[in-house]
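Chemist: here is a sequence with its predicted model. Questions after.
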Amino acid sequence: METTAQLHISLTFLAYATGIIVLIAGIMLTKVLFDLSKLTRNVDETVTIAKTELEPTLKNINKSVEIVSGIIIKTDEKINNVKRFLSKTPLKLLGSIAKLSSRASRGFWSGITAALKMFSKK
């Protein structure tokens, strides 16, 4: 009979201990869920604030990019117009003369340096 009483006391203690552990786990789970919902609300508010702040900034950036793009396109058109104009005028000959003279002067100076090197070795 003593073993039955001891077994009964042991099982009662186990039942109470299990109940307390389940209660503590439930309280912890409730706290975690409460903190998680609070975090979700804070993240939602942060995203909303970031969205309202970034939309005007992105619109300004898009306008700036459009303006710069327009300036670049107009500049390219003007440069092409100048190139077309220069290709039809006698200034084209001056450009080719300048290229030829630069080549000739490079050849002249390379010849001079070669001659100096040759004479300085002796």
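Modeler: Structure received.

Chemist: so, low pLDDT: which residues of this structure?
Modeler: 1, 86, 89-101, 103-104, 120-122 (pLDDT under 70).

Chemist: longest helix of it?
Modeler: helix 2-88 (DSSP state H).

Chemist: what distance separates that one from the centre of its chain?
Modeler: How far helix 2-88 lies from its chain's middle: 18 Å, per C-alpha atoms, centre = their mean, to the nearest Å.

Chemist: mind listing residues that contact stretch 40-52?
Modeler: For stretch 40-52, contacts defined as C-beta atoms under 8 Å, 6 or more residues apart in numbering pick out no residues. Bear in mind the C-beta positions are built from the backbone N, C-alpha and C, glycine included.

Chemist: what residues of it count as buried?
Modeler: Buried residues in stretch 40-52, counting neighbours by 16 or more other C-beta atoms under 10 Å, are absent.

Chemist: neighbours of Ser10, just the number please.
Modeler: 10 (other C-beta atoms under 10 Å).

Chemist: for it, give me its contacts.
Modeler: Taking C-beta under 8 Å, 6+ apart as the definition, Ser10 has no contacts.

Chemist: i'd like the first residue to be 85 from this point on
Modeler: I'll keep to 85 as the first residue from here, and by that count the last item is Ser94.

Chemist: quick one: it and Met112, what's the gap?
Modeler: 27 Å (C-beta to C-beta, to the nearest Å).

Chemist: repeat that for Ile157.
Modeler: Counting by C-beta to C-beta - Ile157 and Met112 are separated by 64 Å.

Chemist: what do you get for Ser153?
Modeler: Distance from Ser153 to Met112, by C-beta to C-beta: 58 Å.

Chemist: could you do Ser186 as well?
Modeler: Counting by C-beta to C-beta, the gap from Ser186 to Met112 is 84 Å.

Chemist: Glu139 too?
Modeler: Relative to Met112, and taking C-beta to C-beta, Glu139 is found at 41 Å.
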